[in-house]
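what shape does this take:
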Amino acid sequence: MNLDFSIIIKYLPFLLQGAGLTIELAVLGIAFGILLGLVAAFMKISQTPLRYIAHFYIWLIRGTPLLVQLFLIYFGLPQLGITLDAFPSSVLGLGINSGAYLAEVFRGGIVAIPVGQSEASLSLGMGKFLAMRRIIFPQALRIALPALGNQFIISLKDSSLCSVITMSELLQTSQRFASVTFASMEFYTAAAGMYLLLTTVISAILRSLEWRLAAENRTRGC
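Residues are numbered from 1 along each chain as shown. Okay, here's the model as predicted:
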């Protein structure tokens, strides 16, 4: 078996371009997911019929594979007269999928805050919305940060599934050149290494952020 990893150097600019698209998909997908997750979390903890909609959304998305969801968006929606290109389909799929998981992350963070915090805020004359925005949610976000970071890493890796709907992200770029050069081991190893590098850097950034937040809490005596 002859392996020649020097071939990667020739195609490295294209792989880096694919990696850039992978990061873009992950960032936009998680941003959309945060928005959906927040809405679903507040719906779920509300005492209104909206909580049933949130329950259904979380149950449906967490119970079906992301790949199937991408197929439904990219190949299924055109039958209903809604046609989306590969990029918005990928962002929509990643966002909807991550939103279902983030909804539980945010809900868990909110309910972990002692009830006394909310009662104290209300006793100071704050309304429920103001108390949530200024007192409860900032604390809940600190609790949710590790899980939020993990979901971002998951979305980064899950973006590889977008290759099946013609997105030229890192995996599909590697597949394309592997099929042309017959250097499958070299290109897939390079792709794996780039994914590993990206997730390692993100993990380091998240650990640094968590350490800073913990240091702030110690300084405040929390």
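
any weak-confidence spans in the protein?
Across the chain, the ranges flagged by pLDDT under 70 are 1, 216-222.

longest helix in it, please.
helix 7-45 (DSSP state H).

for the very next helix or strand once past it, the distance to its chain's centre please.
Downstream of helix 7-45, the first helix or strand assigned by DSSP states H and E is helix 50-62. Relative to the chain's own centre, helix 50-62 is displaced by 18 Å; criterion: C-alpha atoms, centre = their mean, to the nearest Å.

over to stretch 64-84?
Here stretch 64-84 is found 19 Å from its chain centre; the criterion is C-alpha atoms, centre = their mean.

okay, how far is it across it, tip to tip?
Length of stretch 64-84, first residue to last, C-alpha to C-alpha, to the nearest Å: 21 Å.

list of residues touching that stretch?
When contacts are defined by C-beta atoms under 8 Å, 6 or more residues apart in numbering, stretch 64-84 is touched by residues 61, 86, 89-90, 92-94, 96-97, 158, 161-162, 164-165. C-beta coordinates here come from the backbone N, C-alpha and C atoms, glycine included.

Ser174 touches Gly193, doesn't it?
No. Counting by C-beta atoms under 8 Å, Ser174 does not reach Gly193; the two are 10.6 Å apart.

which one of those two has more residues nearby?
Neighbours per residue, other C-beta atoms under 10 Å: of Ser174 and Gly193, the larger number sits with Ser174, 28 against 12.

got a list of contacts for the helix or strand containing the more buried one?
Using DSSP H and E, Ser174 maps to helix 170-181. Helix 170-181 is contacted from outside by 7, 11, 14-15, 17-19, 21-22, 159-160, 162-163, 166, 168, 183-184, 186-188, 190-191, 194-195, using C-beta under 8 Å, 6+ apart.
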